Structures are given as structure tokens and as C-alpha cells.
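Asker: kindly generate the corresponding structure for this input.
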Amino acid sequence: MLVIAKENAPVLINNDEHQNFVETDKIIPKGTTLDGSFMNIQGLRRGKEFNYRIFKDKDGIIVYENKVEPMMNYSKAEGETRVVDMPSVKGNARTHAVVSGVSGVIAFAVAKKMGKTNKNAFMIAGITALIGYGVASMVTSQRNITYKRV
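Answerer: Residues are numbered from 1 along each chain as shown. Sure, this is the predicted structure:
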């Protein structure tokens, strides 16, 4: 599996005496491509059992799993490799809530400024919040997928 270092990653070595890993002075620079596999290794951390998640390169280089990220490769007929960057969907719920809440509050304020009763102002705010939620859904669903050459 090909991975790319997302930040400067220190190379690890086994510490058999304490059943853990020790960082060395060697650094894998950000953007370096490594070929190997992810591993779970049972060890000790502060005297208690701990499950280390590491990445081990084919050349024996060991780095922490959180310092690298897998590359999704698509090869063209000429053998050119590209990295596909998919958009994150973590913040979708937060984005929808913020957009619908802000649009509802603004609509309520505008309706009250126009002299509407509380009942009508809340109804207008609710409808505007639903429209804001729909607009946020449409915008977040149309994010671009980016391709980079390796």
C-alpha cells in the first residue's frame, strides 16, 4: 500500500526491553511516499498493555500511523500516477445547523422589523431556516474532488 507522509514523521525503532517504540533522530520529510503496510502491535505503554498502530515500510522503516495517510492511486494508460483527494464530510451537520440557524434568526429579525406578529415572524423564520438547510445541502454536495500528480 502506498502512503504519503502528511507531516515530518520520526522513524521508530523497537525497544524490546520496555515492549514499545522509541523515536530516532531520523525524520521522514512531509510529502515522502512510502510503500508498505499498516500493523497493530501489542506492547506496553506506561506499564499497561497498549495496541500500537504503526506503518512498516518494505525497507523496514517504522512510523506512527497518524503521521501518514493512504494514497488512492489511479493509473493512466501511460503509467502516470495521480492522488485523489476526496472532500471531507465531517462538518456537514455543523454547516447545515449554522446556515439554517443564522438564516432563521435573520428572517425573524427582518419580519419583526416589517411589523409582523410573533406568530407570522416565527413561521417566516422556520420556512427560511428550511430553505437555508436546503441551500447548505446543495452547496456541500457539490464539492470538488481534486487530483494531483505524483
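Asker: how far away from the center of its chain is the longest strand seen in the chain?
Answerer: With residue count as the measure and DSSP state E as the assignment, the chain has strand 33-45 as its longest strand. Mean C-alpha position of strand 33-45 versus that of the full chain (Cα atoms, centre = their mean, to the nearest Å) differs by 20 Å.
Asker: OK, contacts around Ala9?
Answerer: Ile27, Ile28, Val63, Tyr64, Lys67, Val68 (Cβ atoms under 8 Å, 6 or more residues apart in numbering). C-beta coordinates here come from the backbone N, C-alpha and C atoms, glycine included.
Asker: double-check that Glu7 belongs to a strand.
Answerer: No: membership of Glu7 in a strand is not supported by DSSP: H, G, I helix; E, B strand; the rest coil, which gives coil.
Asker: correct me if wrong: it contacts Glu69.
Answerer: No: proximity of Glu7 to Glu69 does not meet the contact threshold set by Cβ atoms under 8 Å, at 9.9 Å.
Asker: just the buried residues of the contacts of Ala9.
Answerer: If you count burial by 16 or more other Cβ atoms under 10 Å, the buried members of the contacts of Ala9 come out as Ile28, Val63, Lys67, Val68.
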